[in-house]
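>>> Give me a model of this one.
(2 chains)
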Protein chains: 2
Amino acid sequence: MSATVIDGAAIAAAIRREVKAAVDALQREHGITPGLATVLVGNDPASATYVRNKRKACAEVGIASFGYELPTDTPPQKLLALLDELACRSEVHGILVQLPLPSHLDEGQVLGRVPPEKDVDGFHPSNLGVLGIRGREPRFAPCTPAGCIALLERSAIPIAGRHAVVLGRSKIVGLPLALMLLARDATVTICHSRTTDLASLTRQADILVAAIGKARFVTRDMVRPGAVVIDVGINRIEDARDPRGYRLVGDVDFEEVRTVASAITPVPGGVGPMTIAMLLWNTLRAAECSVPK
Amino acid sequence: MSATVIDGAAIAAAIRREVKAAVDALQREHGITPGLATVLVGNDPASATYVRNKRKACAEVGIASFGYELPTDTPPQKLLALLDELACRSEVHGILVQLPLPSHLDEGQVLGRVPPEKDVDGFHPSNLGVLGIRGREPRFAPCTPAGCIALLERSAIPIAGRHAVVLGRSKIVGLPLALMLLARDATVTICHSRTTDLASLTRQADILVAAIGKARFVTRDMVRPGAVVIDVGINRIEDARDPRGYRLVGDVDFEEVRTVASAITPVPGGVGPMTIAMLLWNTLRAAECSVPK
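Numbering: from 1, shown residues only, chains lettered A, B, ... in the order given. Sure, this is the predicted structure:
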């Protein structure tokens, strides 16, 4: 048996097209252009690349983006004051603070200052707090977990009643994804670095999600035949044959696991492209909510 | 083997004594008397009893309580206005809205209007949202789950690295308790009405929590020998020998399960007394946070 490979790039492209059509409609019918403010503190090259890619994706679907770049030594009060200003600006529907922040800034305080109704990254505690509650539609779900759910749903993979095992409990991926699976009626097990006898748990999964940042950690023997495997990891491993000297692999040993799983996401081209697609989706939703009723 | 019976009444009494000592110290050193406002909408007799018991418990430890009783048909705006007023009053450190609310009131809206820093029930989304995040100390944890954790900790039962299986995913007990166990490094499985093959999951639990409201649902064969069993359920069953015509039992078949578990909470006298003890604890904490630094 060889698993169906879930094509994240194609699903993300379909979502972007849907967002573009809705952005056009919003402009045509209400004269509203969705706007995203990106806030980058410091000069980490990877973060700068992420922000650039997000703004480029905005442009492609007709979302306006406003880039703010602050020096590494920005005092907390200055960053908070910028967020307060962006909170008030009506052309800014979404605010994204690129993580990680320099260590002198309190991430919890900063993310808590983004108003929940502009929190398109879904990291405000009050948005996280409703994720696991059935019947409480969260304003915004964090983009990577929302992307995982969209991959499942658009691949017609049932979630309700299935046992989902999530490896990793970060507040950015593992934890919110576990809550979103729970809200969709999965039975959910959350595993992490302190879990004992991990393989006995992963082998029970109908849906196995790996979000731990360890290259090819999930091996064939850890996966039940027929399971659906979602690989959130993006890890560099050395590869002399690649001109860059490395290549990207996930948290799952793709070549091995695809021989037992029923469906699997590749890396790259699986969950990765979904994150930005869901950011665009959230920004669109924020703008739609600003339409006077 | 017969399980150790965890004496919730004794542990709750110890916590109340600790709260009383801290309340006395706060009064003596800062002239502050912790204050709890209770808001009861409608005339459900059970709710009225709960509120009365909470206010009585406040009085016993020196916490002032302010009771507000509103008619069943209270318009939403009137209730919200009361909450806003209580938010401003400096002698009110904690605000408790007794649930359930009459059906015309939007519970999410009402609970979201209690300021997070006075949310001693721990139901505000922004307080729920940080529960599962390690290193983010929640301001207030919901009282019943906090009581379950206190029972484990004060019985010296280790949580880290253990597999905790939680039956039930309510936002009042199951879900926040699962998050609190996760933050304490348990591996956590959340089961519910849509879970298939429940017994195979419960039998894996080192710590099994039942919070589903079904009398004696958890039977001996569902429990691994040596497991710790926490029974949150309080259910009435008919009992002709009892003068009331009923007696209270938990979600666990206590007599059966005590023969296999290593420790178990009884009903009544287990988790039940802890809820009010933790409410007093949270109200004390809210008052302590109001001390000028």
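>>> Near whichever residue of chain A sits closest to chain B, how many other residues are there?
Of all residues in chain A, A:Gly129 sits closest to chain B, at 3.0 Å by Cβ to the nearest Cβ. Where C-beta positions appear, they are placed from N, C-alpha and C, glycine not excepted. A:Gly129 has 28 neighbours, counted by other Cβ atoms under 10 Å in any protein chain shown.
>>> State the distance from it to A:Pro176.
Distance of A:Gly129 to A:Pro176, given as Cβ to Cβ, to the nearest Å: 10 Å.
>>> just A:Ile212 next, same as before
Distance, A:Ile212 to A:Pro176, by Cβ to Cβ: 15 Å.
>>> which one of these two has more residues nearby?
Taking neighbours as other Cβ under 10 Å, A:Ile212 and A:Pro176 compare with A:Pro176 leading, 30 against 21.
>>> per-residue pLDDT, that one?
For A:Pro176, the pLDDT comes out at 95.
>>> residues touching it, list them.
A:122, A:128, A:131, A:141-142, A:145 (Cβ atoms under 8 Å, 6 or more residues apart in numbering or on different chains).
>>> Which strands or helices does the helix or strand of chain A with the lowest mean pLDDT pack on?
Lowest by mean pLDDT, DSSP states H and E among the helices and strands of chain A is helix A:125-128, with a mean of 85. For helix A:125-128, the packing partners by 3 or more Cβ pairs under 8 Å, 6 or more residues apart in numbering or on different chains; DSSP states H and E come out as helix A:174-183, helix B:125-128.
>>> Just name the most buried of those helices.
Among the helices and strands packed on helix A:125-128, ranked by average contacts under mean count of other Cβ atoms under 10 Å in any protein chain shown, first place goes to helix A:174-183 (a mean of 28).
>>> got the angle for that helix vs helix B:174-183?
For helix A:174-183 against helix B:174-183, the angle by axes from the mean of the first three to the mean of the last three Cα atoms, to 10 degrees is 150 degrees.
>>> Chain B contacts on chain A?
Counting by Cβ under 8 Å from any Cβ of the partner chain, chain A comes close to chain B at A:108, A:112, A:124-130, A:132-134, A:136, A:160-161, A:163, A:169, A:171, A:175, A:182, A:185-192, A:194-196, A:201.
>>> what about burial for those, which qualify?
Taking 16 or more other Cβ atoms under 10 Å in any protein chain shown as the criterion, what is buried in those is A:112, A:124-130, A:132-133, A:163, A:169, A:171, A:175, A:182, A:185-192, A:195, A:201.
>>> any chance you could map the strands in the stretch 101-250 of chain A?
Shown for the stretch 101-250 of chain A, the strands assigned by DSSP state E, counting those that start in this stretch span residues A:163-167, A:187-191, A:207-210, A:228-231, A:235-238, A:246-249.
>>> These: which one's closest to A:Arg52?
strand A:246-249 (18.4 Å; Cβ to Cβ).
>>> which helix of chain A spans the most residues?
helix A:8-30 (DSSP state H).
>>> what sits up against it?
So helix A:8-30 is in contact with A:32-34, A:57, A:60-63, A:147, A:150-151, A:154-155, A:265-266, A:269-274, A:276-278, A:280-281, A:284, A:287-288, A:291, going by Cβ under 8 Å, 6+ apart.
>>> Same question for stretch A:235-254.
Under Cβ under 8 Å, 6+ apart, the answer for stretch A:235-254 is A:167, A:210-220, A:229, A:231-234, A:264-268, A:270.
>>> what residues does the least confident helix or strand of chain A touch?
A:111-112, A:116, A:119, A:122, A:138-142, A:171, A:175-176, A:179, B:112, B:124-127, B:129-130.
>>> now with 6 Å?
A:116, A:119, A:138-140, B:125-126, B:129-130 (Cβ atoms under 6 Å, 6 or more residues apart in numbering or on different chains).
>>> okay, who's weakest in those by pLDDT?
Out of the contacts of helix A:125-128, that is A:Pro138, at 76.
>>> ok, and the closest non-adjacent residue to it?
Once flanking residues are discounted, A:Pro138 sits nearest to A:Val130: 4.9 Å by Cβ to Cβ, 6 or more residues apart in numbering or on different chains.
>>> Low-confidence regions, the stretch 1-150 of chain A specifically.
A:1, A:135 (pLDDT under 70).
>>> Helices of that one, start to end?
A:8-30, A:45-61, A:76-88, A:107-113, A:125-128, A:143-154 (DSSP state H, counting those that start in this stretch).
>>> re the thing from before, of the contacts of helix A:8-30, keep whichever come out buried.
Buried by 16+ other Cβ under 10 Å: A:32, A:34, A:57, A:61-63, A:147, A:150-151, A:154, A:265-266, A:269-274, A:276-278, A:280-281, A:284, A:287-288, out of those.
>>> Return the subset of these lying in strands.
With strands defined by DSSP state E, no entry of those lies inside them.
>>> tell me the centre residue of chain A?
Closest to where the C-alpha atoms of chain A average out (Cα atoms, centre = their mean) is A:Thr144, at 1.3 Å.
>>> Can you give me the distance of that one to B:Leu248?
Taken as Cβ to Cβ, the span from A:Thr144 to B:Leu248 is 45 Å.
>>> sorry, back to before: of the strands of the stretch 101-250 of chain A, which is nearest A:Asn43?
So among the strands of the stretch 101-250 of chain A, strand A:235-238 is nearest, using Cβ to Cβ, at 20.7 Å.
>>> In its sheet, which strands sit next to that closest one, and in what direction?
If you go by DSSP bridges, strand A:235-238 pairs up with strand A:246-249 (antiparallel).
>>> Looks like A:Val228 contacts A:Ala263 (just checking).
Yes. The criterion here is Cβ atoms under 6 Å, and A:Val228 meets it with A:Ala263 at 4.7 Å.
>>> who has more neighbours, these two?
A:Val228 (26 against 20).
>>> give the contact list for the more buried one.
With contact taken as Cβ under 6 Å, 6+ apart, A:Val228 is in contact with A:157, A:207, A:263.
>>> of these, closest to B:Leu80?
A:Ile207 (40.5 Å).
>>> any weak-confidence spans in the stretch 151-293 of chain A?
By pLDDT under 70, the stretch 151-293 of chain A contains no weakly predicted segment.
>>> the helices in it, which residues?
Counting by DSSP H, counting those that start in this stretch, the helices of the stretch 151-293 of chain A are A:174-183, A:198-202, A:254-257, A:272-289.
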